[in-house]
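A.B. asks: My questions concern the predicted model and sequence given below.
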Amino acid sequence: MLMTIFSKFRKNKPANLIPIDQEDPDFEEREKFLFGTSKTNNDEFERNGYLVVRNFWDPNDLREEIDYASGNYQYNQFGKYTISEEAQVPGSRARHNYPPYKYFHSQARIKIQNIIGKELFNTYHYDRVYYANQELVKHIDRPNCEISATFQIGSNTGKSWPIWIKTPDTYDENKNIVKKGKDVDIHLNDGDLVIYKGVERPHWRKPLKSRYNSAQRFFRKIMGKIDDTYHHQLFFHYVLADGERCSFAGQR
Ligand SMILES: [Fe+2]
């Protein structure tokens, strides 16, 4: 009851009073507040908030053997790392600024700049190996992920595992919603990339299905074998050189 009253109260607040990091389960007010704050010169990207680029690179150039580790690996500029618990996707293995991918971060920036018609600054890059049953909870990113891209390196599931992105709502001149955006499931193959407005567009992944059926999982357990299902994804993050978040350039 109290929550209902609270959420009604929040919906009536002017959009510009909603803090960016405030909890907002339906994202509506945050989307309204953030909409149009990361403008580019690509019409399709502006309309949908995302853009798929097929065969961005050969994924073999970025593949590594999967070690089934977990945790959050934070690399410094000398290549040394510390490990902490991975909070966003518990149990996955996430690497923050893993040095071998640094080159790709800048190379991708050049290509993405050409696609969106805007200059970008690097912030950080990140890769994650998801395992069976793990999900990415619906969220909007921090300011240093203003323009983001996610590249599919590899997977052993045999099927695509979509990333979901909500397209923008349409507003009238008073910023009332006249048409709701859609939840779109984006299916990538290894080597494909999707560029998205990390700060403006909510995005998420539903739980990753195991590559084994229940009987196979049961027998693997008896044999002492783990479920070796995995999905490896690499994220690149940037800010617009002429945007309101440009001071986040270089922030890891
Ligand atoms: Fe994100």
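C.D. replies: Yep, that arrived.
A.B. asks: which SS state does residue 220 fall under?
C.D. replies: The three-state assignment at residue 220 reads helix, by DSSP: H, G, I helix; E, B strand; the rest coil.
A.B. asks: show me the contacts for it.
C.D. replies: Contacts here follow CB atoms under 8 Å, 6 or more residues apart in numbering; on that basis residue 220 touches 212, 226-227. Every residue, glycine included, has its C-beta placed from N, CA and C.
A.B. asks: And the pLDDT for it?
C.D. replies: Looking at residue 220, its pLDDT is 95.
A.B. asks: Would you map the strands across the chain?
C.D. replies: Listed from the start of the chain, the chain has strands (DSSP state E) covering 50-53, 71-75, 81-84, 93-96, 120-131, 136-139, 147-155, 163-166, 170-171, 177-179, 183-186, 193-196, 203-205, 230-240.
A.B. asks: With just CA atoms, put the first one into CSV.
C.D. replies: Written as CSV, here are the backbone C-alpha positions of strand 50-53 (Å, rounded to 0.1, in the frame of the first residue of the first chain):
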residue,chain,number,x,y,z
TYR,A,50,20.7,0.8,-30.5
LEU,A,51,22.2,-0.3,-33.7
VAL,A,52,23.4,-3.8,-34.7
VAL,A,53,26.6,-4.2,-36.7
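A.B. asks: Can you spell out which helices and strands pack onto that strand?
C.D. replies: For strand 50-53, the contact count by 3 or more CB pairs under 8 Å, 6 or more residues apart in numbering; DSSP states H and E identifies helix 102-116, strand 183-186, strand 193-196 as packing neighbours.
A.B. asks: I'd like the ones you listed written out as CSV, with mean neighbour count and mean pLDDT added.
C.D. replies: Compiled in CSV, these are given as follows (neighbours: other CB atoms under 10 Å; pLDDT from 0 to 100):
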stretch, mean neighbour count, mean pLDDT
helix 102-116, 16, 97
strand 183-186, 15, 98
strand 193-196, 23, 98
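A.B. asks: Stretch 190-197: end-to-end distance?
C.D. replies: By CA to CA, to the nearest Å, the extent of stretch 190-197 from end to end equals 21 Å.
A.B. asks: circling back to that earlier point, filter the contacts of residue 220 down to the buried ones and hand me the PyMOL line.
C.D. replies: Taking 16 or more other CB atoms under 10 Å as the burial criterion, the selection of buried members of these in PyMOL is written as:
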select buried, resi 212+227
